[in-house]
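**Q** can't give you the sequence, but here's the structure:
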Ligand SMILES: Cc1cc2nc3c(=O)[nH]c(=O)nc-3n(C[C@H](O)[C@H](O)[C@H](O)COP(=O)(O)O)c2cc1C
Ligand code: FES
């Protein structure tokens, strides 16, 4: 039954699917259980961790594993800010725009990143290397303004510090360290 | 680990572990007491490299063979994140700030081996410039009363033994063996505890409702979505005292007759999730969660569910939809969750800070708790102090403390000695409080009366440098992003509010806009479907009420008095003051400043992006903003 619902053509890497399958299997989803969707958001987080984003192919696949319609999955994906259906950069820059960070100059920090990389918040550089996003409060408000790059947190970021922060990621070492870090 | 099978066995375990905290509880250097170095491992200090520092301490202790005289441990957030990483040494009670990984050597060599306090790592009082040695002398801590945060920064949150040593799970043990669920509810009602998630509903009454609906199944949910951007008290408790939440949930479960609990945590808090997972595993293996807790007939287990970045999911009905794997849209109440919640079953939803208060109330009694605070608001409240304030951090004070005391005594006053302008409480649902109300004692009712609200405890302090119209616009932008779109007043109305505010900050508005702003805000307040929309106009209404002169300056004079709104600001170089040092030109990101060395420079206004870098770089006050 599970096999039937898998799409015929799969473009995304099969080793990623293997990882996701192992995770989903651990929940022993029962297609007759009315409450099976309670782990859907968890699974979507994991899928985004593994694949980097949640394209349609993946949403359809996940719908199959839960025995629910793809429309239900896409409804959930589109509702929540942390889910993305387009690939992000290898180096994901997230500028906190929570209140504490905002009143400490986060907007200027965001603009400085945008200027430096030539993209707007929500975009990816042409070579796919950098993307910029903003989010609302990481709970590190004492260090405002806060920026995260992949999983590293930078506190008290001033516009003047941005150059030196980015330098690390512009070099090859920064690249290797970050490209596959999450998987 | 061995299961603890009865309340007496738990009491024995408590006695066995109690010495673990001896040097922390009874401070003062004495013969034969081993020293304890606590390193903060909360999100803030983590970001400041505390993990590396902890590793250095461990390595040095091993290398020098100091295991008999000192131990080092990870602990939860002390709330003083801006000064992190924080290190405390017990039983001396010495408090070090901004400790870098390489400073471990000094602390070991000087403090631990030579018994000398490391002066350069002590906290310096920002006004008097005095170095302060012990935690209890620091003004930031001196006026606090830590109940919800009692264990944060005191115990290692990854060790259930230390939570038990602090008296943890004793309240659960006593309730399960000596109290009926009704007696637990009665005690909670008498304590006067009210929900810390925003609405301030009596926790005892909520549990009573939850108990009153018969059902084959009931649920307890811990709301750990902490949506107010700029508030982080729940995060600190989840990370620094995870077991208190589990114990509070189990007590709620016993009171209402539930056997399953869920903690709904925002995905932005990975460290909190990790600590909770660890705590749940430990509690299960000790028999403090799961079947037949402490050998009684009571079963209760807890699982974690993740959010995914939607502010509205902090609202309880939306949160329940989200746990069910749906879009996190709210629905109208009634029915309240206590009657029909998760999967249509009676469900009690409580906030993190609320639950953290529960075990200690049942341990020390309702009379102890209700002796603290004001007539209608009992106990303490944790606030996240941020913005233009010297001591940024988490503070817990008795209800009834005034804003002035929080900001000037605990918070150390306004940064750079500037004038206080307003305090914002209640996050995007709250309001701005002007200086004439600095002496208002803080409780639920008095904050409502002045157009703000308690909210979850975000307290953003603003100075003369902040523009109140811009702040109102900031909150509206947040609401526009976060509105789930189910009802028209919220979806369309808040967008329109935001448009008007944008026009005002860009100098494109007339007096009629101010009237429309006020009218529309009131309509949304009365007609939106859920709490998000109903409270969204508060930041606008309160700023119009108290700072109408700032609105008028923007509208009539096209002038931003604080110099924040970019479209209304111009930077100019004063020819008579500019010495031609080139600092401005070298730092201008768009290269719009020109001039020759040692000659006055000038700004090309048509290309200036008003980023203010030149203004902050000029050492000669030669650049003015107007
Ligand atoms: C838009 C909106 C956002 C909310 N966000 C939170 C939140 O982040 N955390 C929270 O505990 N309560 C939040 N609440 C309040 C909850 O709906 C609910 O009242 C609370 O969790 C109940 O717990 P308490 O009685 O212990 O306060 C929010 C309410 C609204 C209307
Ligand atoms: S507001 Fe940025 S971390 Fe909280």
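**A** Arrived safely. All of these numbers come straight from a predicted model, not from anything done at the bench. Ligands and ions are numbered 1, 2, ... in the order given.
**Q** Was I right to think residue B:247 contacts residue B:172?
**A** Yes: the pair residue B:247 / residue B:172 is scored as a contact, 5.3 Å apart, by C-beta atoms under 8 Å. To be clear about C-beta, it is placed using only N, CA and C from the backbone, and glycine gets the same treatment.
**Q** where does residue 91 fall, phi/psi-wise?
**A** Answering for chain A, as no chain was given. phi -110, psi 110 (degrees, to the nearest 10).
**Q** please go with chain B instead
**A** Per-residue torsions, residue B:91: phi -80, psi 0 (degrees, to the nearest 10).
**Q** That one and residue B:135, how far apart?
**A** 12 Å (C-beta to C-beta, to the nearest Å).
**Q** How about residue B:180?
**A** Distance from residue B:180 to residue B:135, counting by C-beta to C-beta: 41 Å.
**Q** about what we covered before: so for residue B:247 and residue B:172, which residues contact both of them?
**A** Jointly contacting residue B:247 and residue B:172 under the rule C-beta atoms under 8 Å, 6 or more residues apart in numbering or on different chains are B:288, B:359.
**Q** Quick one: residues contacting residue B:353.
**A** Remark: with contacts taken as C-beta under 8 Å, 6+ apart, residue B:353 is in contact with B:148, B:196-197, B:233-234, B:237, B:382, B:456-457.
**Q** switch the cut-off to 6 Å
**A** Contact partners of residue B:353, counting by C-beta atoms under 6 Å, 6 or more residues apart in numbering or on different chains, are B:148, B:196, B:233, B:382.
**Q** how about low-confidence regions in chain B?
**A** B:1 (pLDDT under 70).
**Q** what about the nearest residue to residue B:518 once chain neighbours are set aside, how many neighbours?
**A** Distances taken as C-beta to C-beta, 6 or more residues apart in numbering or on different chains put residue B:544 closest to residue B:518, at 5.9 Å, once the chain neighbours are dropped. A total of 19 residues lie near residue B:544 under the criterion other C-beta atoms under 10 Å in any protein chain shown.
**Q** repeat for residue B:134
**A** By other C-beta under 10 Å, 17 other residues sit near residue B:134.
**Q** cool, and residue B:575?
**A** 11.
**Q** can you list the domains in the chain?
**A** No chain was given, so I picked chain A. A:14-79, A:91-177 (automatic domain parsing).
**Q** Can you look at chain B instead?
**A** Split by automatic domain parsing, chain B gives B:33-142, B:160-370, B:380-463, B:468-556, B:570-625.
**Q** so how far is the fourth one from its chain's centroid?
**A** This points to domain B:468-556. 25 Å (C-alpha atoms, centre = their mean, to the nearest Å).
**Q** any bit of it sitting next to ligand 1?
**A** Yes: residues of domain B:468-556 contacting ligand 1 under C-beta under 6 Å from any ligand atom: B:530-532.
**Q** now do the same end-to-end measure for that domain.
**A** Start-to-end span of domain B:468-556 (C-alpha to C-alpha, to the nearest Å) is 16 Å.
**Q** And for the longest one?
**A** Using C-alpha to C-alpha, the end-to-end distance of domain B:160-370 comes to 29 Å.
**Q** rewinding a little: out of residue B:180 and residue B:135, which sits in the busier spot?
**A** Comparing residue B:180 with residue B:135 by other C-beta under 10 Å, the one with more neighbours is residue B:135, at 20 against 11.
**Q** ok, now how distant is the more buried one from residue A:164?
**A** 34 Å.
**Q** ditto for residue A:63
**A** With C-beta to C-beta as the criterion, residue A:63 and residue A:164 are 45 Å apart.
**Q** cool, residue A:93 as well?
**A** From residue A:93 to residue A:164 the distance is 14 Å (C-beta to C-beta).
**Q** Between these two, point out the one with more neighbours.
**A** A count of neighbours by other C-beta under 10 Å puts residue A:93 above the other of residue A:93 and residue A:164, at 27 against 8.
**Q** So that one, which state does it fall into?
**A** Using DSSP: H, G, I helix; E, B strand; the rest coil, the structure places residue A:93 in strand.
**Q** quick one: pLDDT of it?
**A** Note on residue A:93: pLDDT of 96.
**Q** got a list of what it touches?
**A** Applying C-beta under 6 Å, 6+ apart, the residues contacting residue A:93 are A:113, A:132, A:149.
**Q** Pairing partners for the last one in the sheet, please.
**A** By that I understand residue A:149. Residues in a beta bridge with residue A:149, per DSSP bridges, are residue A:93, residue A:152.
**Q** what's the spacing between it and chain B?
**A** 12 Å (C-beta to the nearest C-beta, to the nearest Å).
**Q** Helices of chain A, residue ranges please.
**A** Counting by DSSP state H, chain A has helices at residues A:2-5, A:14-25, A:40-51, A:56-66, A:70-79, A:99-102, A:106-117, A:162-170, A:172-179.
**Q** quick one: the third one to chain centroid distance?
**A** Distance of helix A:40-51 from the chain centroid (C-alpha atoms, centre = their mean) equals 9 Å.
**Q** Name the residues that touch it?
**A** A:16, A:19-20, A:23-24, A:54, A:58, A:182, B:306, B:308, B:325.
**Q** So which one of those residues is the model least confident about?
**A** residue A:182 (37).
**Q** since we're on the closest residue to ligand 1 within chain A, how many residues are nearby?
**A** With C-beta to the nearest ligand atom, the shortest gap between chain A and ligand 1 falls at residue A:137, namely 10.6 Å. Other residues lying near residue A:137 total 30 when counted by other C-beta under 10 Å.
**Q** Next up, the contacts around it.
**A** With C-beta under 6 Å, 6+ apart, residue A:137 has these contacts: A:98, B:229.
**Q** ok, residue B:259 touching residue B:299?
**A** Yes: using C-beta atoms under 6 Å, residue B:259 is in contact with residue B:299, at 4.9 Å.
**Q** Pick out the residue of the stretch 501-626 of chain B closest to ligand 1.
**A** residue B:531 (2.3 Å).
**Q** What distance do you get for that residue to ligand 2?
**A** Computed as C-beta to the nearest ligand atom, to the nearest Å, the residue B:531 to ligand 2 distance reads 21 Å.
**Q** Quick one: residues contacting that residue.
**A** residue B:315.
**Q** Next, format the helices of chain A as JSON lines and append distance to ligand 1.
**A** Converted to JSON lines, the helices of chain A look like this (distance: least, C-beta to the nearest ligand atom, whole Å):
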{"stretch": "helix A:2-5", "distance to ligand 1": "36"}
{"stretch": "helix A:14-25", "distance to ligand 1": "28"}
{"stretch": "helix A:40-51", "distance to ligand 1": "17"}
{"stretch": "helix A:56-66", "distance to ligand 1": "27"}
{"stretch": "helix A:70-79", "distance to ligand 1": "15"}
{"stretch": "helix A:99-102", "distance to ligand 1": "14"}
{"stretch": "helix A:106-117", "distance to ligand 1": "21"}
{"stretch": "helix A:162-170", "distance to ligand 1": "30"}
{"stretch": "helix A:172-179", "distance to ligand 1": "31"}
